[in-house]
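Peer 1: what follows is a predicted structure for the sequence shown.
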Amino acid sequence: MPSMRACVALIAVILVIESLLVSATPEARKEPKRFKRSLHRTKRAAHDIRNCETSPTYLPPTVIRTEERLKLLRDRMRERRWDLDAYIISNTDPHLSEVPPLRDRRQEFMSGFRGAYGTAIVTLDKAMIWTDARYWIQAEQQLDCNWELMKEGTIDEERDPNDPELPDILIPSPVEWLLEYMPVEAKIGFDPRLMSIDEYFHYNLTFEHYEFKRLTMVWIQEFEYNNEPDEVFTNIIDYLWEREGSRPAYAREPLVTVDADTYTGYTWEEKIFGYKDERSLRWIMKEKNAEALIITKLDEVAWLFNLRSADIPNNPFFLAYSIITNNEIRLYLYDRQWKVNREVEDHLGIGQDSACPEYDSRNRPLCIQLRNYDDFLDDVNRLLIQTSGRIWVTNSSSIAVFNASTPKTSSALREKRFVEQSPILRMKAVKTKEEIEGMKNAHIRDSVNFVKIASYIEETVEYQREQNKRIEPDDPDYRIYISELDVIKRLEEFRKQELSYVMPSFQTVSAFGHHSAMVTYNVTEQSDIRIDETKLYLLETGAHYLDGTTDIARTFWFEYKKTPPQHLRDQYTRVLMGLIDLSDTVFRTNIYGRELDAIARRALWKNGLDYLHASGHGVGHYLNVNEGPIGFGLGYEVSEIPLERNMVLTNEPGYYSEKNEYGIRLENVMVIVQANTNYTFGDYDWNTFDTISLVPFEKNLIDHTMLSIDQIKWLNTYNKKVRKVIGPYLGSSTTTARKWLDRRTEKITYKYSVSGAETTVSTVTTFMVSVVSIILSRFL
């Protein structure tokens, strides 16, 4: 083996040759056409957030001033008809969607906060907003100083730290805060269409327990202003928003049908009346002795009827409800005249050529009754009066649905209703073989696009560095060739080349440097910064294809000539170890995802690190990218069900600097499959995960000496699969994307030795060959 001195001498010769090659062949280094755009942006300060302690206060350009809107809201709260002391602003729509339509984003209108999770309360002198750790930085960037941010799960800084009777008191929840700060006999207003059954009873039962405060929940329903019957509102904020003239309309996108044979495996008739070999919706209703089932969730309606649309940003849904009885199928559509065309009529069995009801040979009604969206709550009320049997209200419904549009429903009618989890949740969580095949194919296509964008970013960053060799990074003359927004636009171009591509499945997280410390960072024109080789870059993205939904995340280090700082390699490797360990887990039936969550955190925990989000969530088939009722997370969720074969979940451990300097996240999508075990215990079946996301990891950030033998074997097997499946789609070995893939999927070799009671694993590296291959790769 050559000596170290010989290796160093050889490297010096290669570097000289490299510099000669660069200077001797300027045409090889001239600017490609796609790099013609040159931006001149100044580098923004890390996390440009509000400062309410200075005089005057500082607000970043991402903030919306809310003084006037709050004043108008408080004026309405004081009106005699309500005389409210507080008003709850929910961050959802009447379907309790995680991502509501633009028209229903009332919390964003009032506060400016655009996070997907939050609860706001406005009193006559305060405005508070509660959210979790995913959105703390975003909230500080978007809220003005009229709003107080309540960081869920943190210590209440207003408490006296020296009081021995109040050690480590957490920030109070919204209901706890109302109990503590509201006066006796205070009235708390809310929109019953936007509050879940569980949430409403939580407020009410808590208030009843503390009866000395005598707090009252006040339903704000339909009301007129100025005795104008044509102007009827169901929400105080809607009135303010309409008066301002800035409230957007609902989208008007037509319905599209989803073919059962190609994509879903079952027709809507089979889902309701009878699967080929599974229980149908009507069968489950009969087991529960339910005469009717109320369906309010948009993804459940879309799944049940094999229909999709685009009423919600990044979600293929349409505004609709459904009621399934023993002899009727009702579909309540918003703007149904616009939504329904001849193809949809044929799909649903309605129209001029279909009589309603129409029966099959077994006397089962096949047709669907289309009804107006606004008639839904009234029909629920009529159903309660006219139906003799029990009515199943899903626990994901609003309290307005449960109380059938009025809180004064008689107790006799209330007893006819029972609340339970929707049977559709499990039915759509367990994918059919057609859905599984489609998900795999969608992930292959999206993995190809991810590799293309990753190689494009790396190539552009390298070119950008060469063009700015003599310019300091903070210099205003620094020429920018790639930014966070540029990546999103180019990735969308790649995806649109796929005929089956529909839309993104969520807003892409394109986060460089300190932006990656925000779990759900959404880049805007105001926040956009360049991407370079000096810091970590995190890309999380997903897409809806006709045959499946994707979600993937990778963290990059583009300075491949320089070894990343050891703390970054340690943290990245521990995140990767968690992903590998969870992917490689074997578990029995009747296991919940929460029981496996710690596996993804184990490597981080061993070094005193953690992250504040779940380790994974369910994924829908051309539906919600974040689909319940399964996932990996700490704590108990009442809606969670055990993991089963053919369920699809993400695996996404991470780590985020507590100083908000950077973030690391890795994410794959997995399918639950049968595990091969040598033994069986009792009557249990044994399962494991098959990873269907196929993108390699950042090799420079991996400290291979930290990996166990099983982890290295898993990584080698995964890399081999990635190269075999994705490689052919990238062209010859000389293409930029193929070279990017090949460098990151090389086999990892290692030495294995046993000495006494200790086992040693060390990866084999050849210093000289590694350096030469890196240098020569620039010219191949």
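Peer 2: Ah, there it is.

Peer 1: CA atoms for contacts and neighbours, from now on please.
Peer 2: Noted.

Peer 1: for the residue nearest to the spatial centre of the chain, what are its contacts?
Peer 2: Residue closest to the average C-alpha location in the chain (Cα atoms, centre = their mean): Asn626, at 5.2 Å. Contact analysis of Asn626 by Cα atoms under 8 Å, 6 or more residues apart in numbering lists 617-620.

Peer 1: now the helices: where do they sit in the stretch 1-150 of the chain?
Peer 2: 4-24, 67-77, 106-111, 136-142 (DSSP state H, counting those that start in this stretch).

Peer 1: low-confidence ranges in the chain?
Peer 2: For the chain, applying pLDDT under 70 flags the ranges 1-47, 155-168, 222-232, 275-278, 351-366, 405-414, 754-780.

Peer 1: in the longest helix belonging to it, which residues are buried?
Peer 2: For the chain, the helix that runs over the most residues, judged by DSSP state H, is helix 433-467. Within helix 433-467, the residues scored as buried using 16 or more other Cα atoms under 10 Å are 434-436, 438-465.

Peer 1: didn't Thr308 look like it was pressed against Pro316?
Peer 2: Quick fix: residue 308 is Arg, not Thr. Yes - using Cα atoms under 8 Å, Arg308 is in contact with Pro316, at 5.3 Å.

Peer 1: give the contact list for the closest residue to Asp551 other than its chain neighbours.
Peer 2: Spatial nearest neighbour of Asp551, excluding adjacent residues (Cα to Cα, 6 or more residues apart in numbering): Gly542 at 4.1 Å. Listed by Cα under 8 Å, 6+ apart, the contact set of Gly542 reads 446, 504-506, 508, 549-552.

Peer 1: is it possible to get CSV of those residues that adds distance to Glu415 and secondary structure?
Peer 2: Shown next, in CSV, are the contacts of Gly542 (distance: Cα to Cα, whole Å; DSSP: H, G, I helix; E, B strand; the rest coil):
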residue, distance to Glu415, secondary structure
Asp446, 50, helix
Pro504, 43, strand
Ser505, 40, coil
Phe506, 40, coil
Thr508, 46, coil
Thr549, 40, strand
Thr550, 43, coil
Asp551, 43, coil
Ile552, 46, strand
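
Peer 1: which of the residues you listed lies closest to Trp605?
Peer 2: Distances from Trp605 to these, taken as Cα to Cα, are shortest for Ile552 (23.5 Å).

Peer 1: how much space separates the closest one from Leu546?
Peer 2: 18 Å (Cα to Cα, to the nearest Å).

Peer 1: do the same with Ile272
Peer 2: Per Cα to Cα, Ile272 is found 22 Å from Leu546.

Peer 1: and the two? Which one has more around it.
Peer 2: Between Ile272 and Leu546, Leu546 has the larger neighbour count (other Cα atoms under 10 Å), namely 22 against 19.

Peer 1: span of stretch 703-715 from start to end?
Peer 2: Stretch 703-715 end-to-end distance (Cα to Cα) = 13 Å.

Peer 1: same question but for stretch 638-652, I mixed them up
Peer 2: 22 Å.

Peer 1: and what of stretch 472-486?
Peer 2: So stretch 472-486: terminal residues 22 Å apart, Cα to Cα.

Peer 1: tell me how far it lies from the chain's centre.
Peer 2: On the basis of Cα atoms, centre = their mean, to the nearest Å, stretch 472-486 sits 30 Å off its chain's mean C-alpha point.

Peer 1: what does stretch 436-456 give?
Peer 2: 18 Å.

Peer 1: just the element for Leu293, please.
Peer 2: Using DSSP states H and E, Leu293 maps to strand 290-295.

Peer 1: name the helices or strands packed onto the longest helix of the chain?
Peer 2: Where contact means 3 or more Cα pairs under 8 Å, 6 or more residues apart in numbering; DSSP states H and E, helix 433-467 is packed against helix 484-496, strand 548-549, helix 709-726, helix 736-744.

Peer 1: relative to helix 709-726, how tilted is it?
Peer 2: 90 degrees (axes from the mean of the first three to the mean of the last three Cα atoms, to 10 degrees).
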